[in-house]
Each structure stands twice: as C-alpha cells, then as structure tokens.
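Asks: Sequence first, then the predicted structure, then my questions.
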Amino acid sequence: MARRKLVYEGKAKILYEGPEPGTLVQYFKDDATAFNAEKKDVIDGKGALNNILSEFFMKGLNTLGVPTHFIKRLNMREQLIREVEIVPLEVIVRNYAAGTLAKRLGLEEGTALPRPIVEFCLKDDALGDPLVAEEHILAFNWASQQDLDDMFVLAHRVNDFLSGVMYGVGIRVADFKIEIGRVYDGDFSHLVIADEISPDSCRLWDLKTGEKLDKDVFRRNLGSLTDAYAEVARRLGVLPKIAVPISKPTLIN
Ligand code: 5GP
C-alpha cells in the first residue's frame, strides 16, 4: 500500500489524506472503547462491519437528499469521504429512554419518550462530552442559531430514516449519536452528516426480544460484539461474505 499522510487518528477511526483535494480516506479500526476509553479492546471484524453499515446508512441518506460526507466505500476497511470542518458538538437523538438520559432523569430503560428528543454534547474527551444547552452553544459560539436550526432538521431526518429502515428489519432505534460537518462552497457553507452511523453510535434493540445489537453488548459484557453487529448487517442484507469472524458455529455438510 502506498504511504499516505495521516491527518487524524481517533479512538475508532483514522483519517488519511484523500486522492483529491477536499477528500479524505476514513479507515475503520477494530478498536472498541467505552466509558470515555476507560474500557478498551480490539475486536476482530468490528471495523469492517462498521464500514459496511455506515456506508449503507450514509448512502441511503444521500439518496433521500440528506447530505452526508460519504462519497464511496473503497474496500473492507476504508471509505472515501468529503473533508469537512467538524462542528464540536455531538448530536444525540432519543426515542426511548436509555443510557445517560435514563440515569439523569430516573427513567426506566426502554420507556417510550413522548416525542423524539434532540440533545447536544460538547465534543471534549477530557470533560467526558458534557451535555450542553442551546444557550451554551450560542454563547460560546460553537454553532450559530442557523446551524442549530439546521442540526435539528438533520437530526430528525436521520431519525426518521434510521427508525424506518430498522423497523423494516425488526429493530428498534432507541437512540443514536451523529456528528455534523461544515462544507464550504465558495462564500457559502452548509452542514452535512459526518463521522459514521453504525451500531457503535446507536442503541439498537430487537423489536420482539429486546436483545441488544449495539455497543452496549461491549459496554455491559453481554456477549460477542461482532455477532451483534453481523446480525444487524445480515438483516439489512449487507453482511460481507468474507473477512468478518463470526463466533457462532456453522453447520458443515
Ligand atoms: P448516552 O448519552 O446514553 O451515553 O448515549 C446516547 C447515544 O449516543 C447512544 O446510542 C451512544 O452509543 C451514542 N453516543 C454518545 N456518546 C458517544 C460517543 O462519544 N461515541 C459514540 N460512538 N457514540 C456515542
């Protein structure tokens, strides 16, 4: 492989300079982290599954006219993306109580929320990505009022798409996190969905059994993470035939 210039290395992905100006190559690692990287592991096959699942969701959003940074998947581990300026906020959408919302408000996990709730967290590992209000966002100029309006619209459109697609394969989207990027076109800029959409950043529950098919499997030691992610990919019809180790035994005739 030709040597490429590393642009940024995060907990689950690496960004390299892309082939054209304004593009990057996003490499999905097998590293899994939780609780602000206090729990860590390397899980064979996770990167390939997230690459393929994020491709599936981003392509679907692009097709529906919800702009994303995704251009095309290059191979099992990498995708070509547009270079964006990341807005320093995590946008969380919740349909059912879980995680930090359940804890903060004393709600039982799985309680249906009266309507989808959009939250913003400041992207700051040292502070543990604290929840912030619109007032903080505007006062500290992390985003403008127009950006906030656009982020709400994007968040709801992603939620409708994800919830609908997953409902079709028997999976409930309890909540998810997205990141937003700014793309410049001359004097103008607009916001797009960036980073990844995968079981690493969503809570996905089987509609019938409630089985968890997301990173909570790793966070709570509930079994094989790749089996859970592979099940999501299988139901969506994008499970790669090679290169993803699945732990379940298969029958040999
Ligand atoms: P919570 O605030 O309950 O921990 O997370 C809400 C949702 O956002 C969950 O689906 C969770 O996976 C996702 N999420 C929150 N923070 C992060 C993060 O820093 N990284 C990733 N990958 N997902 C996150």
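Replies: That came in fine, so what should we check first?

Asks: which residues touch Lys11?
Replies: Contact analysis of Lys11 by C-beta atoms under 8 Å, 6 or more residues apart in numbering lists 31, 33, 37. Placement of C-beta: from N, CA and C, glycine included.

Asks: The last one: neighbouring residues, count only.
Replies: As a burial measure, the neighbour count of Ala37 was computed by other C-beta atoms under 10 Å and equals 10.

Asks: Which secondary structure state is assigned to the residue lying closest to it once chain neighbours are set aside?
Replies: Counting by C-beta to C-beta, 6 or more residues apart in numbering, Ala37 lies nearest to Lys11, which is 6.1 Å off, once chain neighbours are set aside. Secondary structure assignment for Lys11 (DSSP: H, G, I helix; E, B strand; the rest coil): coil.

Asks: Pairing partners for Glu9 in the sheet, please.
Replies: Ile14 (DSSP bridges).

Asks: domain assignment for this structure?
Replies: Domains of the chain are assigned by automatic domain parsing as 6-83+225-236, 85-206.

Asks: To the ligand, which of the ones you listed lies closest?
Replies: Of all those, domain 85-206 sits nearest to the ligand, with 2.0 Å by C-beta to the nearest ligand atom.

Asks: Any idea how far apart the tips of that closest one sit?
Replies: From its first residue to its last, domain 85-206 covers 35 Å (C-alpha to C-alpha, to the nearest Å).

Asks: roughly how far out does it sit from the chain middle?
Replies: 10 Å (C-alpha atoms, centre = their mean, to the nearest Å).

Asks: do the same with stretch 33-50
Replies: A distance of 13 Å separates the centroid of the chain from that of stretch 33-50, by C-alpha atoms, centre = their mean.

Asks: List the buried residues of it.
Replies: The neighbour-count check on stretch 33-50 (16 or more other C-beta atoms under 10 Å) flags 33-34, 43, 45-50 as buried.

Asks: and the two most separated of those?
Replies: In terms of C-beta to C-beta, the buried residues of stretch 33-50 reach their longest pairwise distance at Ala34 and Ala48, which sit 19.8 Å apart.

Asks: ranges for the helices of the stretch 101-250 of the chain?
Replies: Using DSSP state H, counting those that start in this stretch, the helices found in the stretch 101-250 of the chain span residues 134-139, 145-167, 216-219, 225-236.

Asks: Show me what counts as buried in the second one.
Replies: What that stands for is helix 145-167. For helix 145-167, burial by neighbour count (16+ other C-beta under 10 Å) applies to 147-148, 150-151, 154-155, 157-159, 161-163, 165-166.
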